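K.L.:
I would like the atomic coordinates for the input below:
(chains A and B)
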Number of protein chains: 2
Amino acid sequence: MSWAAFKKKYEDELLNSIIPFWQKNSIDSEYGGYFTLLDRDGSVFDTTKYIWMQWRIVYQFATLYMTPYRQNEWLKIAEQGYDFLTTHGYSENQNFYFALNQKGNPLIAPYNIYSEAFAVMGAATLYKATSQDKYKKTAELAMQNFIDRLSNPKGKWSKMMPAQPIKHYMDHALITANLGNIMRECFETPKFDHLIEDAMDMVMNRFWNKECHVLMENLNQDFSIDLDSSLGRQICVGSGLEGCVFLLEYAEIKGDQIAIEKLCKIILAELEFGWDSQYGGLFYFQDLLQKPHLELQWDMKLWWVHTEALTASLLAYRLTKQEKFLEWFKRIDAWIWGHFVDRKYGEWFGYLNRRGEPTHYLKGGKWKTFFHIPRSLLNCIVQFNLLEK
Amino acid sequence: MSWAAFKKKYEDELLNSIIPFWQKNSIDSEYGGYFTLLDRDGSVFDTTKYIWMQWRIVYQFATLYMTPYRQNEWLKIAEQGYDFLTTHGYSENQNFYFALNQKGNPLIAPYNIYSEAFAVMGAATLYKATSQDKYKKTAELAMQNFIDRLSNPKGKWSKMMPAQPIKHYMDHALITANLGNIMRECFETPKFDHLIEDAMDMVMNRFWNKECHVLMENLNQDFSIDLDSSLGRQICVGSGLEGCVFLLEYAEIKGDQIAIEKLCKIILAELEFGWDSQYGGLFYFQDLLQKPHLELQWDMKLWWVHTEALTASLLAYRLTKQEKFLEWFKRIDAWIWGHFVDRKYGEWFGYLNRRGEPTHYLKGGKWKTFFHIPRSLLNCIVQFNLLEK
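P.N.:
Take a look at the predicted model:
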């Protein structure tokens, strides 16, 4: 088949809808950094600056600057965010706060290590784009802080008591693999490859539930599944699919065909497990035994779950050429364009109910920013190019 | 009109559906305390013991024991929960943990002062039911701890930084009024009346938004409304309606006709503001300016919002005899019986989507227990009796 039509559609969405929306509406030219709480038309409905959302924009504009679509303005946008974040974002122990107000004063304490993770991504990518040493230093410090905090991520803000069973959390493995890839690519170092390999082993041999054909989110200390608690039975196929993409990228670099095949098998299982046969789209959270889920939003359809499914299915197709992945890619693509894309104001809705109707019209929120959509569109364009060859 | 048919329906629901469901399924006869994470059929899907949910069951069975429907078994159920909670629930500084495991070992730290609040309610009500001094001491200690913690509720677990604007929170005023009422009733003391009167003043003169005819959830330190943040624009009519019931109970005791009229006017406004004209039922959260709400579940229909609307509208009708409150009561009653009541397994669903379809089949969850439904049904039966006179 010809991929030209897909490529044109994805380029058009990226260059004429997503990027202009954020470029026009998110820059705070008064105080620096970005507005990320954006209503349907791009107007700002809250000026809080959540650090995850800020660093992700730095990462994304710096990444775009290195593509064939390069605009010099994009580097400036990333750099001004970096300046704001490194001027105002550090707590006294050099961790990043969770949120600042518009002016940069801290609102929420640095209780969350994902702030460090996204700082690694933003600063390392700026280093790759510019070769400026200050970005490298920032990325290395954030990476060290991230690793140091992994064993006790919430530190003094943790509410867990000693009787709380120790768990293995898949999200820790996956973000670590993601950062390992970024460090490898931006600094051309294999220094963190062992972290990616550990994550690969955990995902393929521990979190993968052979009997039920799905990735578990949390395991007991002895790697068994805790079937007696909601946390133990929890499944989030969006996070599994996102993680498989990180691991596939590494497996391809290493030419590890066994890992590629296993990860693609897992991607297929995740798509099948998560798909809502009644209304279409992928669920946010599920319970392995279909018991009630404690999260009220479990049955909602979230944009990022679908962008990860889009990338994962296309990548799996390119690597295996199995038709079923192409079918899944087309199914996810059609569902996204039929439900998430806002044809009136541009950009995508983030939150749909189970039927696929928007429950929120926001384009940027506490957890939605300029990140999953452009990352996925870019990644898909790369796959189209490789497939066309 | 005759209230006999309503009374029969509510008694039947309370005595033949709600109470038997919890009496049969929630008692942990092995370790003490209660199972509260109950699936549609009453089976246990997680054994975590959340302290709020535990103390609320103590309160509710002790309350039922003092009604004309009295069963001695209900007192025993309340007492065994009390024993479990006072044996295992205290942290070293005599605050209550947030959650224990089935055996009573602490899982989650005592970061939340509502644990103290529900301990006050449970222990004070057991004192009223038995006159045993130990219950009085427990209630008084919990009340003192609650008051001491009000100025900094989350203590060392707070993630707020100094730049975070100071707010007035309506929920603090309302729970304080609730506890004041309980202390007044169980210990026949006016010692906490000033707290109720403070809450009354705050609700009627500060949280009440004269222009928009609705109660705000959060105000700036100078009592102005923060229109620039999602938190400042937040509305939760369920919490407003629940609070108005607490305040009306006090106003009636005091014979304060002005307060009664104003509170009933607020109840009417809350019902009108919260009602979903498209699908019926009351929203969970709303934004004053209809900007996007950050809570993903804002448009869901929750059982407790509707039980509070039921009680509030009926109480307002009895106190004012205005037909519009009767109409609202009948509308809420019909919506509840049409959507929340589970005719197959008994008890009520807790979580519906905007259309009124269950998204969860659980009967007990992290936030749903034997509390809002029996409290509301009992309260309505009291109103039916008074109206029939």
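K.L.:
Chain neighbours aside, what residue packs nearest to residue A:111?
P.N.:
In space, not counting the residues next to it along the chain, residue A:111 is nearest to residue A:157; the distance is 3.9 Å by C-beta to C-beta, 6 or more residues apart in numbering or on different chains. In short, each C-beta sits where N, CA and C put it, glycine included.
K.L.:
What about that neighbour, how many residues nearby?
P.N.:
Here the number of neighbours of residue A:157 (other C-beta atoms under 10 Å in any protein chain shown) works out to 17.
K.L.:
Now do the contacts for it.
P.N.:
Under the criterion of C-beta atoms under 8 Å, 6 or more residues apart in numbering or on different chains, the contact list for residue A:157 reads A:109, A:111, B:157, B:159.
K.L.:
Let me know the pLDDT of it.
P.N.:
Confidence at residue A:157, expressed as pLDDT, is 93.
K.L.:
and it, what are its phi and psi?
P.N.:
Per-residue torsions, residue A:157: phi -90, psi 0 (degrees, to the nearest 10).
K.L.:
so residue A:119 is in which element?
P.N.:
Residue A:119 is part of helix A:114-130 when elements are defined by DSSP states H and E.
K.L.:
Mind listing what's buried along that helix?
P.N.:
Along helix A:114-130, the positions that meet the burial threshold by neighbour count (16 or more other C-beta atoms under 10 Å in any protein chain shown) are A:114-130.
K.L.:
so does it get close to chain B?
P.N.:
No: for a cut-off given as C-beta under 8 Å from any C-beta of the partner chain, helix A:114-130 has no contacts with chain B; the smallest distance is 12.1 Å.
K.L.:
Report the distance from that helix to the chain centre.
P.N.:
Taking the mean of its C-alpha atoms, helix A:114-130 sits 14 Å from the chain's own mean (C-alpha atoms, centre = their mean, to the nearest Å).
K.L.:
Let me see the ranges of the strands in the stretch 151-300 of chain A.
P.N.:
With DSSP state E, counting those that start in this stretch as the definition, the stretch 151-300 of chain A shows strands at residue ranges A:167-169, A:208-209, A:214-215, A:218-220, A:234-235, A:286-287.
K.L.:
and the ones you listed as a markdown table, adding distance to residue A:11 and mean neighbour count?
P.N.:
What follows is the strands of the stretch 151-300 of chain A, written out as a markdown table (distance: least, C-beta to C-beta, whole Å; neighbours: other C-beta atoms under 10 Å in any protein chain shown):
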| stretch | distance to residue A:11 | mean neighbour count |
| --- | --- | --- |
| strand A:167-169 | 37 | 16 |
| strand A:208-209 | 35 | 18 |
| strand A:214-215 | 32 | 24 |
| strand A:218-220 | 39 | 18 |
| strand A:234-235 | 34 | 22 |
| strand A:286-287 | 34 | 19 |
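K.L.:
The worst-scoring helix or strand of chain A on mean pLDDT near chain B at all?
P.N.:
Taking mean pLDDT, DSSP states H and E as the measure, the helices and strands of chain A show their lowest mean at strand A:167-169, namely a mean of 93. No: counting by C-beta under 8 Å from any C-beta, no contacts exist between strand A:167-169 and chain B, the nearest distance being 12.3 Å.
K.L.:
cool, and stretch A:38-53?
P.N.:
Yes: Stretch A:38-53 reaches chain B (C-beta under 8 Å from any C-beta) through A:39, A:40, A:45, A:46, A:47, A:48.
K.L.:
Which members of the residues you listed are classed as buried?
P.N.:
Buried members of those, counted by 16+ other C-beta under 10 Å: A:39, A:40, A:45, A:46, A:47, A:48.
K.L.:
Chain B contacts on the stretch 101-250 of chain A?
P.N.:
For the stretch 101-250 of chain A, the residues found near chain B under the criterion C-beta under 8 Å from any C-beta are A:101, A:105-109, A:111, A:156-157, A:159-164, A:228-230.
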